[in-house]
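Chemist: I need the structure of the sequence given here:
(one chain, ligands or ions: 1)
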Amino acid sequence: MKELDYFFPKTLEEALQIKNDLKGSIKVIAGGTDLVVHLKQDQVNEDKLLDVSRLEELKGVVDKGDTIYIGAGTTHTEILENTLIKDSVPILFDAIKSIGSPQIRNIGTIGGNIANASPAGDSIPALFVLLSKLHVKSVEGSREIPIEDFFLGPGKTALKENEIIMGVEFEKMKDNDIGFFRKVGQRKGTAISVVNAAVRLTKDSIPNKFSKAYVALGAVAPTVVRAKIVENALTSEILDSLDKIMYIARLVYREVSPITDVRGSLEYRRDVSINIVYEGIADLFLKGFRR
Ligand SMILES: Cc1cc2nc3c(=O)[nH]c(=O)nc-3n(C[C@H](O)[C@H](O)[C@H](O)COP(=O)(O)OP(=O)(O)OC[C@H]3O[C@@H](n4cnc5c(N)ncnc54)[C@H](O)[C@@H]3O)c2cc1C
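Modeler: Numbers count the residues shown, from 1 in each chain. Below is the predicted model of the structure:
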């Protein structure tokens, strides 16, 4: 591993100034669970690290009424311990719960999971279906980026060189919202997703009918993708049989472009992405679409 200069600012202002002054040669480090792996594999061009773990502005879960804001530096464990997340956004709760091991969740942060921009990052499909916005900041000011516009490719994001992620904000699920996060790994327990998926459905007044549907899949394309053909089918059909649900789930086939890698072949990933959507919705159906 190469030698690195380490910056450990105490204030946000100091951190943003350093990020601006050294842009291009400095990389943010939060929990380090992804970055240290990349450093060990010599995959990092920058030779300086900006440790943001002391910045209070990046920490915590905030109830903002209809929305929830999570600071980028909040660890997965801190998020899981917050009852607001379990009660108001169970899809995100289940996604975060599936990440790594307790040790990884104790130090890994939601900001790191997002900024790492892995197509298999488990928080990302959940944040997609919650229509999340990222709050980012630099010495020049703040801006919000819809999560769908943030990812440009594996490891590539719309973040400018002098910006850091401050946090992520999303809608709370309403009483008539149901959904799920599911992931298939190579084994049970700590495993990077071969495919993951999040679905959010808003119930209509007609039984088995939905007025809104959001479906996001990970590890099936260079970035997490929304499956809009599936979403349209979910809102135009009445989901009154498992056959109908399977018919809709098969449309996933038209929306994914997976690759073959060490974790799974293209064909396997395509089949798994259909099954994961089918099984999740079928499970909701068999429970009478109750939350
Ligand atoms: C054994 C193991 C198992 C794992 N299992 C899973 C899993 O099941 N699911 C999963 O999704 N991930 C998994 N991971 C990946 C990892 O733990 C998570 O992605 C974690 O959330 C990253 O957070 P971090 O704070 O450690 O990020 P870091 O490693 O510190 O940073 C990751 C990237 O984000 C950038 N970054 C971090 N914070 C900010 C910020 N505020 N602003 C701008 N850029 C920022 C860094 O520059 C870096 O590029 C696993 C990792 C390991 C080692």
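Chemist: list the contacts for Arg291?
Modeler: Listed by C-beta atoms under 8 Å, 6 or more residues apart in numbering, the contact partners of Arg291 are Pro90, Asp175, Asp177, Ile178. In this view, the C-beta of every residue, glycine as well, is placed from N, C-alpha and C.
Chemist: Restricted to buried residues, select the residues you listed in PyMOL.
Modeler: Buried members of the contacts of Arg291 can be picked out in PyMOL with the line below, counting by 16 or more other C-beta atoms under 10 Å:
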select buried, resi 90+177+178
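Chemist: Tell me the one among the contacts of Arg291 nearest to the ligand.
Modeler: Checking those against the ligand by C-beta to the nearest ligand atom gives Pro90 as the nearest, at 17.7 Å.
Chemist: Can I get the longest strand along the chain in CSV? Just the C-alpha atoms.
Modeler: Counting residues, the longest strand found in the chain (DSSP state E) is strand 193-203. Below are the C-alpha coordinates for strand 193-203, written out as CSV (Å, rounded to 0.1, in the frame of the first residue of the first chain):
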residue,chain,number,x,y,z
SER,A,193,-25.2,-9.0,-3.6
VAL,A,194,-25.3,-11.1,-6.8
VAL,A,195,-28.6,-9.3,-7.3
ASN,A,196,-30.6,-7.0,-5.0
ALA,A,197,-34.0,-5.4,-5.4
ALA,A,198,-36.3,-2.9,-3.7
VAL,A,199,-39.9,-2.4,-4.5
ARG,A,200,-42.4,0.2,-3.1
LEU,A,201,-46.1,0.0,-4.0
THR,A,202,-48.8,2.5,-3.0
LYS,A,203,-52.2,0.8,-2.6
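Chemist: about what we covered before: need the contacts of Arg291 in CSV (columns: distance to Gly108, pLDDT and secondary structure).
Modeler: Formatted as CSV, the contacts of Arg291 follow (distance: C-beta to C-beta, whole Å; pLDDT from 0 to 100; DSSP: H, G, I helix; E, B strand; the rest coil):
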residue, distance to Gly108, pLDDT, secondary structure
Pro90, 20, 98, helix
Asp175, 31, 95, coil
Asp177, 27, 98, strand
Ile178, 28, 98, strand
